[in-house]
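*Asks:* Have a look at this prediction, sequence included:
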Amino acid sequence: MLYLATSSSPCHQNVDRYYLARIRRLAKKRRLRILKDWTGQYSLVDANVEPPRALVGLEHASLSDIKTAVATPLPPPRPPRKRPPVAHLTDTIEPQPSQANHPAASSFTHLVDLLKGGAS
């Protein structure tokens, strides 16, 4: 007697193409990839890391497990970090004079006035 195996063994599930495409599209939005491995199962691979590797617990997993992981909503993004205000020390520091008190400073300004022609 000749025994013929059916084409749909439990190891190799016949998955609807559009169902798989929809799950892959959801995974692509999260920068993940779904790969079918040699066991007939699927692996969810993170495309952000180099080299790409499967996520823990989702290697050789069923498609329903992969769908559950991809369809689970992500937590909301964290709000931006608020930095405490920086205390400025401008209130305690006296402003520096624009011109230093130097013995030659008065003679230099006098020389500049002579060159400009405004000698008095």
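*Replies:* Cool, the structure landed. As the structure is a computational prediction, the values presented were derived from the model and not from experiment.
*Asks:* Every contact and neighbour count from this point should use C-alpha atoms.
*Replies:* Noted.
*Asks:* Now do the phi/psi pair for the most centrally placed residue in the chain.
*Replies:* Nearest residue to the geometric centre of the chain (CA atoms, centre = their mean): residue 48, 9.9 Å. Backbone torsions of residue 48, given as degrees, to the nearest 10, read phi -80, psi -30.
*Asks:* just residue 75 next, same as before
*Replies:* The phi/psi pair for residue 75 (degrees, to the nearest 10) reads phi -70, psi 160.
*Asks:* quick one: low-confidence ranges for this structure?
*Replies:* Along the chain, segments meeting pLDDT under 70 span 1-14, 89-104, 118-120.
*Asks:* Please, where are all the helices along it?
*Replies:* Assigned by DSSP state H, the chain shows helices spanning 17-29, 63-71, 105-116.
*Asks:* Burial-wise, tell me which of those comes out on top.
*Replies:* Of all the helices of the chain, helix 63-71 carries the top mean neighbour count, a mean of 16, counting by mean count of other CA atoms under 10 Å.
*Asks:* Packing partners of that helix?
*Replies:* helix 17-29, strand 42-46 (3 or more CA pairs under 8 Å, 6 or more residues apart in numbering; DSSP states H and E).
*Asks:* any chance of these in CSV, plus distance to residue 67?
*Replies:* Putting the helices and strands packed on helix 63-71 into CSV (distance: least, CA to CA, whole Å) gives the following:
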stretch, distance to residue 67
helix 17-29, 6
strand 42-46, 10
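*Asks:* re earlier: the residue nearest to the centre of the chain is in contact with residue 33, isn't it?
*Replies:* No - between residue 48 and residue 33 there is no contact under CA atoms under 8 Å: 10.1 Å.
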